[in-house]
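any chance you could fold what I've pasted below:
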Amino acid sequence: MLFSITNETTPATDLGYLLHKNPANLHTSDLTFGRAHVFYSSAEADRCTACLVLEINPVELVRGAQQLEDYVNDRPYVASSYLTVAMGRMFSTALAGRCGARPGLVERKLALSAAVEVVRARGGAPVLRKLFEPLGYTVEAAPLPLDPAFPDWGESRYFRLTLVGAATVHDLLSHLYVLLPVLDDDKHYYVGDAEVDKLLRHGEGWLNSHPERQLIVTRYLKRRSSLVDQALARLLEDESASVEAAETRTEKATAAERDLERPLTLHTQRLKTVAARLSELGASTVVDLGCGEGRLLRRLLADRSLQRLAGMDVSHRSLDIAHRRLRLDRMPERQRRRIELFQGSLLYRDRRLSGFDAAVLTEVIEHLDPARLAALERVLFEFARPRHVMITTPNREYNVLFPTLPPGRFRHADHRFEWTRAEFAQWAEAAAKRFGYRVRFEPVGPLDEEHGAPTQMALFSISEEPAARKEVA
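So this is what the prediction gives:
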């Protein structure tokens, strides 16, 4: 098994300091399943390449504690948990983010490339790209033939993987350390509680925001549901803490946004429009995703035709405020049974979101990074799959009509994007087509002939066309 990492930032030989391996020497270490070697194929000022070679004896694997079924297997050649154990042994200092000789190098982004000669990718090249591209790498996935002597046999599930990008050595190694076993979808050792700690330690700073977070966690922990739930809960706690810190930092921005829209009483118009459309649809069960402080839920509670209401938010703080404003502690028991609040994330599957007639996201999606919208789409339209979905979001074209909003600025400091009407329609129509919904659009707020309304709303309803549903499957 061969893995290499190349630095092309001058002086490229700084790679030796970061890996804690002198380019002039051969470095060898014995492992329980074989032997690992680190050497440098080049060590010039403009290019330095370190190689890790892992020798595995498949016969010993069958005879030993691993108890592999076949003497002939792919373990000596494929990047797997054996390779990550070797990386942990040979590059432990770099993985820990330490460099005693040159501590200033640790956080420096370099022009790096990494090559893994053989990876087994369940899901093929698309899953390679889904895992590494959100981390900022250019991904080259060259499929390997089943047998070079017989090209007509076609391609195998194995690839030569090359990653190119500006990154710290610590980050690059951490990404590979976590994601190579995810690609292989197997591990050669027992997976227990300690593996959750290891995953979160090496995934710190990037795993929580990765759009394929649930896939990574599930495969890394070998689909052990108790460990997967534990890891996702801890990630959610971290996300909640991050969100609440961001809320504290942006309280002034939120107040500014309300002041900006107050002359239009736009927030009230949004809530009234959503409530009216829910009534027209005849929905009896509704979940408010990103419910915040519960303003929409308070309005919906007054509608006796709604038998069940739920509010989900990632922020403990917002849920506590919603709990107080809705006066849940003082609510009569019969009324109290109609509503529930719970913490959760829109970015991974949650059984609590299933079974609702309608789901509402009012001014939520613009707070998500665009790369995470794909995860939201699957959670909402494929897994939760309510009959109706309402989404409101700012119309960027209208911003020029706010006299106190500087050109080019978003309405809120936490907005990751604000779409034009055409951009919103493009996204919504593509999502509807992919997941078997039909969609229509409605302006919310005062309508300007040229710029439209300040808020735009999409109303999704499940299509009865069987072909659309089949496409999702």
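
can you get me a residue count around Ala142?
Using other CB atoms under 10 Å, Ala142 has 11 other residues around it. In this view, the C-beta of every residue, glycine as well, is placed from N, C-alpha and C.

that one: which element?
For Ala142, the host element (DSSP states H and E) is strand 138-145.

run me through the strand neighbours of that strand, direction for each.
Strand pairing for strand 138-145, using DSSP bridges, gives strand 155-167 (antiparallel).

report the contact partners of the closest residue to Arg378 other than its chain neighbours.
Leaving out its chain neighbours, the residue that sits closest to Arg378 by CB to CB, 6 or more residues apart in numbering is Arg349, at 7.8 Å. Neighbouring residues of Arg349 by CB atoms under 8 Å, 6 or more residues apart in numbering: 214, 378-379, 383.

let's verify Arg349: helix, strand, or coil?
coil (DSSP: H, G, I helix; E, B strand; the rest coil).

quick check on it: phi, psi?
Reported as degrees, to the nearest 10, the phi and psi values for Arg349 are phi -60, psi 140.

with His388 instead?
Torsion angles, degrees, to the nearest 10, at His388: phi -130, psi 140.

tell me the contacts of it?
So His388 contacts 281, 283, 357-359, 459-462 (CB under 8 Å, 6+ apart).

same check on Glu133?
Val139.

distance check, it against Gly165.
Noted for Glu133: a distance of 10 Å to Gly165, by CB to CB, to the nearest Å.

swap in Leu128?
Leu128 sits 14 Å away from Gly165, going by CB to CB.

could you do Leu227 as well?
Look at Leu227 and Gly165: by CB to CB, they are 30 Å apart.

same question, Gln230
As judged by CB to CB, Gln230 and Gly165 stand 31 Å apart.

repeat for Ala359
37 Å.

between these two, which one's more packed in?
Ala359 (25 against 20).

nearest residue to Val439 other than its sequence neighbours?
In this structure, Val439 finds its nearest non-sequential neighbour in Ala432, 4.1 Å apart by CB to CB, 6+ apart.

wait, isn't that neighbour in contact with Arg438?
Yes: assessed by CB atoms under 8 Å, Ala432 is found in contact with Arg438 at 6.0 Å.

joint contacts of these two?
Contacts common to Ala432 and Arg438, judged by CB under 8 Å, 6+ apart, are 460, 463.

between these two, tell me which one has more neighbours.
Ala432 (21 against 15).

and the more buried one, what pLDDT?
At Ala432, the pLDDT value in this model is 96.

so it, which state does it fall into?
The three-state label given to Ala432 by three-state DSSP is helix.

what residues are up against it?
Contacts for Ala432 (CB under 8 Å, 6+ apart) come out as 438-439, 460, 463.

can you give me the distance of it to Ala384?
Using CB to CB, we find Ala432 at a distance of 15 Å from Ala384.

Glu195 falls within a helix, correct?
Yes: under three-state DSSP, Glu195 falls within a helix.

now the closest residue to it other than its chain neighbours: how far from Arg304?
Excluding the flanking residues, the one nearest Glu195 by CB to CB, 6+ apart is Leu221, at 6.1 Å. Leu221 is 45 Å from Arg304, where distance means CB to CB.

which one's more surrounded, the two?
Leu221 (24 against 8).

quick one: that one and Gly203, what's the gap?
12 Å.

what do you get for Asp186?
In terms of CB to CB, Asp186 sits 19 Å off from Gly203.

between the two, which is the more surrounded one?
Between Asp186 and Gly203, counted using other CB under 10 Å, Gly203 has the larger neighbour count: 22 against 15.

the more buried one: what's its closest spatial neighbour, skipping adjacent residues?
Closest residue to Gly203 apart from its sequence neighbours, by CB to CB, 6+ apart: Val178 at 5.7 Å.

got the contact list for Leu31?
Leu31 neighbours (CB under 8 Å, 6+ apart): 85-86, 89.

recalculate using a threshold of 10 Å.
Counting by CB atoms under 10 Å, 6 or more residues apart in numbering, Leu31 touches 54-56, 82, 85-86, 89-90.

quick check: bridge partners of it?
Gly34.

just the pLDDT at it, thanks.
Note for Leu31: predicted pLDDT of 88.

and it, how far is that from Arg201?
Counting by CB to CB, the gap from Leu31 to Arg201 is 21 Å.

now Ser305
Taking CB to CB, one finds Ser305 at 50 Å from Arg201.

how about Cys51: what's its closest non-neighbour residue?
Ser4 (4.5 Å).

can you give the distance of the helix or strand harbouring that neighbour from its chain's centre?
Using DSSP H and E, Ser4 falls within strand 2-7. Relative to its parent chain, strand 2-7 has a centroid offset of 26 Å by CA atoms, centre = their mean, to the nearest Å.

just the buried positions in that strand, please.
3-7 (16 or more other CB atoms under 10 Å).

where does Thr84 land in three-state SS?
helix.

give me phi/psi at Leu173?
Backbone geometry at Leu173, expressed as degrees, to the nearest 10, gives phi -70, psi -40.

hmm, Gly88 and it touching each other?
Yes: here Leu173 reaches Gly88: they are 9.5 Å apart, a contact under CB atoms under 10 Å.

and the furthest pair within the contacts of Leu31?
Greatest spatial distance in these: Ile56 and Met90, 14.6 Å, computed using CB to CB.

re earlier: which of the contacts of Leu31 are buried?
Listed as buried from the contacts of Leu31 are 54, 56, 82, 85-86, 90; burial here means 16+ other CB under 10 Å.

out of these, flag the one nearest to Ala36.
Taking CB to CB as the measure, Ala36 lies nearest Ala86 of the buried ones among the contacts of Leu31, at 4.1 Å.

residue boundaries of the strands in the stretch 1-150 of the chain?
For the stretch 1-150 of the chain, the strands defined by DSSP state E, counting those that start in this stretch cover 2-7, 27-31, 34-43, 48-56, 110-120, 138-145.
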